[in-house]
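[1] Got a predicted model here, sequence first, then my questions.
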Amino acid sequence: MKKWIGIVSVSTLLLSGCTFGDSSEQQISEVLQQMHTAEEDYRSVQDDMNAAEQKEYTLFEEVLSLEQEQTEELTTKIDEMKASLNERKELVATEKESMDSALAASDFSELEVDQDVQALIDQIDAAYDARYATYENLYTNYESLLTLQETMYDEMLGEEVSIETIRELVQQVNAQNDQVQQLVTEMNEQTEEFNRVTDEVFETLQQEE
């Protein structure tokens, strides 16, 4: 399996420490900062997710090199894989909660701005909604990947399991992982687009001062 890829962070202008004197810019920047803060747990779990996936990949390779008669070693390694998978379940739950909090924070409806500025805000809102929709799809597919992997690990512990069964499950896992990686790439692209739109909005507002 490939590694999970972390996202880039929200708005380079915000993270560069820019301060805005204009009321519209200040209001927008405060909402974006709240969104960025809400995503902190999302960002913080990525390294642990990568480490858990890499650990499972290594253990899986080791399991494939063992003979079925090496029951104790097989059981020990598969149990480690299942423990790592359970850790990933918890990390994904933390990640989803963080993203949902960020979505709740992405509320620009109460800002007191004129119609021209609202049109710019709508661009930010649309870019973020597209990004979150991609994340939801990614989350759903990653949950499916976890389920397939858990089934595969359980089957590998069975005394009567056939090589054909494991091979078929591996193919299913790999196909699902490919789908996940495609969505990870899309998520990163959506994040970059969101950052681009946000930066352009601030640049436009500064030019209109």
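    Cool, got the structure. Numbers count the residues shown, from 1 in each chain.
[2] pLDDT averaged over the helix or strand hosting residue 148 - what is it?
    Residue 148 belongs to helix 115-156 when assigned by DSSP states H and E. The pLDDT scores in helix 115-156 average 94.
[3] Distance from that helix to the middle of the chain?
    7 Å (Cα atoms, centre = their mean, to the nearest Å).
[4] ditto for stretch 72-86
    Relative to its chain's centre, stretch 72-86 lies at 25 Å (Cα atoms, centre = their mean).
[5] pull the helix or strand with minimum mean pLDDT from this structure.
    helix 12-15 (a mean of 45; mean pLDDT, DSSP states H and E).
[6] So which other helices or strands are in contact with the helix holding residue 148?
    When contacts are defined as 3 or more Cβ pairs under 8 Å, 6 or more residues apart in numbering; DSSP states H and E, helix 115-156 packs onto helix 23-38, helix 71-105, helix 163-207. Backbone N, C-alpha and C define where each C-beta goes, glycine included.
[7] got a list of what the nearest residue in space to residue 172 that is not next to it in sequence touches?
    Nearest residue to residue 172, sequence neighbours excluded (Cβ to Cβ, 6 or more residues apart in numbering): residue 148, at 5.5 Å. Residue 148 sits next to 169, 172, 173, 176 when contact means Cβ atoms under 8 Å, 6 or more residues apart in numbering.
[8] How much space separates the closest residue to the first one other than its chain neighbours from residue 75?
    This points to residue 169. Counting by Cβ to Cβ, 6+ apart, residue 169 lies nearest to residue 152, which is 4.2 Å off, once chain neighbours are set aside. Residue 152 sits at a distance of 15 Å from residue 75 (criterion: Cβ to Cβ, to the nearest Å).
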